[in-house]
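Trainee: pasting the structure only:
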């Protein structure tokens, strides 16, 4: 007996959440597919998604791809699906809903079963539990396995709502343009945030951030969850943070430095310590993108500083999974973990800048990352000799990390304000002389350090032995930044106990980056 061949499923004109095109062949590659056409405004659609959603993962494992096809904008589709517990794929149609028209929709929800040959094997309109159960049985027969059907709770039957395919196309376009979304709240719902409002990383914005670079280039895995830092992901984090495209090469250099195993981002990301990642920028790029090295250098008010530091932290939290309360176990944290980026005032400094100390040429643009604690302000308006000032600066750091945990091998970062730096310039002090003076100034006898948290070094030392705050002068890092008036410097205590190293990377002078 001859049977009528099944009709072929029309091609899809939809957008999904990934970069790949959504096709019938792709959806049925594992066996077969169930298209569930829905709309945000339809209560029956919501009921269908809520009841079928928990079954989707098991269906997918057996070879049945369940796809919610929304007659709404994609951002609406994603939000509604999440709220209703839909665990299958999500796609959306733009006006004039050509896919719904191709499938002859009159109302939503409508479920369409497509077999492995791309032919329509059955359809159910509205919520009809017995008919949907039969549709799932047909899918089971196609796959040669037993799939769980829809729950049998009341109501067993419920009519749907008009599909936009049954409405005049001009009216559909007008309805769609009237749909508003709160983008900030949507980003919060998706978890694409550090707790502050973010810029949605649309395809257009990410592409503009990439500036022609190949988004598929990988910088490596991001600890601790080891998500892959493709340039596209880094660009998305830069968009979320509010960066301008001109900042992106600096963000990439910061990411490269932080992902160097020597930096031990994994340890910093999961520790109970408060440590964040300080980004220090040197070289011509400072002026080119408007980084602040002057008044308020450690504070708010400058987009480049705040967004570059924030972009790196978003990469750690979103791609690396180090979100507070999950993999990030920091007891207190500090605001520098939102984002911490400063530029050194090389023009005011009496010394060679940080990147030159680290082996780069003065004309190179370089990013250096350092694990560190929150800054401690140091006020000194009375010192009249470089010795007195150096003594005050050094002893201000004596209680950083822990009052009795001496010596520290990891770096303490001093940000020296211009007025303090000028005193050392006038006296002809080099950076190394200041570093060595500070190192020699801060010592205590071991007996005074044997309370509470202290080191094995202190316990093993003779009670009268003088123990230095730092293991060596090289543990003291000196930068110059800040306003021209006011004698306030700062020190950032170290991230200790995990053997991290300071890492620097040159900012790519030729863009786009392709390798």
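Mentor: The structure has been received and is ready for your questions. Here the structure is a predicted model, which is why all the values come from computation and not from measurement.

Trainee: Now residue 277. Its backbone dihedrals?
Mentor: Per-residue torsions, residue 277: phi -120, psi 120 (degrees, to the nearest 10).

Trainee: Check the burial of the closest residue to it other than its chain neighbours by counting its neighbours.
Mentor: Excluding the flanking residues, the one nearest residue 277 by CB to CB, 6 or more residues apart in numbering is residue 369, at 5.4 Å. Every C-beta, even on glycine, is put in place using the N, C-alpha and C of the backbone. By the criterion of other CB atoms under 10 Å, residue 369 has 29 neighbours.

Trainee: and residue 369, what element?
Mentor: strand 366-379 (DSSP states H and E).

Trainee: from the chain's centre, how far out does that strand sit?
Mentor: Offset of strand 366-379 from its chain centre (CA atoms, centre = their mean, to the nearest Å): 21 Å.

Trainee: ditto for stretch 80-95
Mentor: Centroid separation between stretch 80-95 and its chain, computed with CA atoms, centre = their mean, is 24 Å.

Trainee: Strands of the stretch 351-500 of the chain, start to end?
Mentor: Applying DSSP state E, counting those that start in this stretch to the stretch 351-500 of the chain gives strands spanning 366-379, 412-416, 443-445, 466-468, 476-480, 488-494.

Trainee: and the residue nearest to residue 277, what does it touch?
Mentor: 254, 257-258, 263, 277-280, 312, 502-504 (CB atoms under 8 Å, 6 or more residues apart in numbering).

Trainee: same thing with residue 447?
Mentor: 463-464.

Trainee: So which of the contacts of residue 369 are in helices?
Mentor: 254, 257-258, 312 (DSSP state H).

Trainee: Who does residue 466 form a beta bridge with?
Mentor: Beta-bridge pairing of residue 466 under DSSP bridges involves residue 445.

Trainee: same deal with residue 38?
Mentor: residue 70.

Trainee: could you measure residue 436 against residue 495, distance?
Mentor: Applying CB to CB, to the nearest Å, the value for residue 436 to residue 495 is 24 Å.

Trainee: whoops, residue 455 was the one
Mentor: Here the criterion is CB to CB. By it, residue 455 lies 16 Å from residue 495.

Trainee: ok, the strand holding residue 369: who's next to it in the sheet?
Mentor: strand 276-282 (antiparallel), strand 488-494 (antiparallel), strand 503-506 (antiparallel).

Trainee: any idea how far the last one is from the chain center?
Mentor: Relative to the chain's own centre, strand 503-506 is displaced by 20 Å; criterion: CA atoms, centre = their mean.

Trainee: Phi and psi next, for the spatially most central residue of the chain.
Mentor: Centroid-nearest residue in the chain: residue 314, 2.6 Å away (criterion: CA atoms, centre = their mean). Dihedral pair for residue 314: phi -60, psi -40, per degrees, to the nearest 10.

Trainee: if we can go back for a sec, export the strands of the stretch 351-500 of the chain to a markdown table and tack on mean pLDDT and distance to residue 14?
Mentor: Listed next are those as a markdown table, based on pLDDT from 0 to 100; distance: least, CB to CB, whole Å:
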| stretch | mean pLDDT | distance to residue 14 |
| --- | --- | --- |
| strand 366-379 | 97 | 41 |
| strand 412-416 | 98 | 51 |
| strand 443-445 | 97 | 69 |
| strand 466-468 | 98 | 66 |
| strand 476-480 | 98 | 52 |
| strand 488-494 | 97 | 50 |
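
Trainee: could these go into CSV alongside distance to residue 322?
Mentor: Listed next are these as CSV, based on distance: least, CB to CB, whole Å:
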stretch, distance to residue 322
strand 366-379, 13
strand 412-416, 21
strand 443-445, 36
strand 466-468, 33
strand 476-480, 24
strand 488-494, 19
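
Trainee: Residue 188: which of those strands is closest?
Mentor: strand 366-379 (25.7 Å; CB to CB).

Trainee: Give me the buried positions along that closest one.
Mentor: 366-375, 378 (16 or more other CB atoms under 10 Å).

Trainee: try stretch 492-501
Mentor: Buried, per 16+ other CB under 10 Å, within stretch 492-501: 492-496, 500.

Trainee: ok, and for stretch 250-258, which residues are buried?
Mentor: Of the residues in stretch 250-258, those buried (16+ other CB under 10 Å) are 250-258.

Trainee: now, which of these sits nearest residue 358?
Mentor: Distances from residue 358 to the buried residues of stretch 250-258, taken as CB to CB, are shortest for residue 257 (11.1 Å).

Trainee: picking that back up, tell me the one among the buried residues of strand 366-379 nearest to residue 235.
Mentor: Within the buried residues of strand 366-379, the smallest distance to residue 235 is 16.5 Å, found for residue 367 (CB to CB).

Trainee: where does the protein have its least confident helix or strand?
Mentor: helix 169-177 (a mean of 55; mean pLDDT, DSSP states H and E).

Trainee: quick one, phi psi at the spatially closest residue to residue 43 that is not a sequence neighbour?
Mentor: Excluding the flanking residues, the one nearest residue 43 by CB to CB, 6+ apart is residue 161, at 7.6 Å. Note on residue 161: its backbone torsions stand at phi -120, psi 160 [degrees, to the nearest 10].

Trainee: quick one: contacts for residue 161?
Mentor: By CB under 8 Å, 6+ apart, the contact set of residue 161 is 39, 41-45, 107-108.

Trainee: Are any of the residues you listed buried, and if so which?
Mentor: Among the contacts of residue 161, the ones that count as buried by 16+ other CB under 10 Å are 39, 41-42, 44-45, 107-108.

Trainee: average pLDDT across stretch 449-462?
Mentor: The average pLDDT within stretch 449-462 is 94.

Trainee: ok now it, how far from the chain's centre?
Mentor: On CA atoms, centre = their mean, the centre of stretch 449-462 falls 40 Å from that of its chain.

Trainee: Now do the buried residues in it.
Mentor: Residues 449, 454-455, 458, 461 are the ones in stretch 449-462 that count as buried (16+ other CB under 10 Å).

Trainee: Considering the residues you listed, which is situated nearest to residue 286?
Mentor: Closest approach to residue 286 among the buried residues of stretch 449-462 (CB to CB): residue 455, at 38.1 Å.

Trainee: who does the residue nearest to residue 43 bridge with?
Mentor: residue 108.

Trainee: ok, residue 14 to residue 57 distance?
Mentor: According to CB to CB, residue 14 stands 21 Å off from residue 57.

Trainee: ok, those two, which is more surrounded?
Mentor: Set side by side, residue 14 and residue 57 show more neighbours around residue 14, with 23 against 12, by other CB under 10 Å.

Trainee: Surely that one is in contact with residue 20?
Mentor: No. Contact criterion CB atoms under 8 Å: residue 14 and residue 20 do not qualify, at 12.0 Å.

Trainee: Relative to residue 216, which of the buried residues of stretch 250-258 is nearest.
Mentor: Nearest to residue 216 among the buried residues of stretch 250-258, counting by CB to CB, is residue 252 at 14.1 Å.

Trainee: So the closest residue in space to the closest one that isn't next to it in sequence: helix, strand or coil?
Mentor: Leaving aside its chain neighbours, residue 252 sits nearest to residue 234 (6.1 Å; criterion: CB to CB, 6+ apart). Under DSSP: H, G, I helix; E, B strand; the rest coil, residue 234 falls in the helix class.
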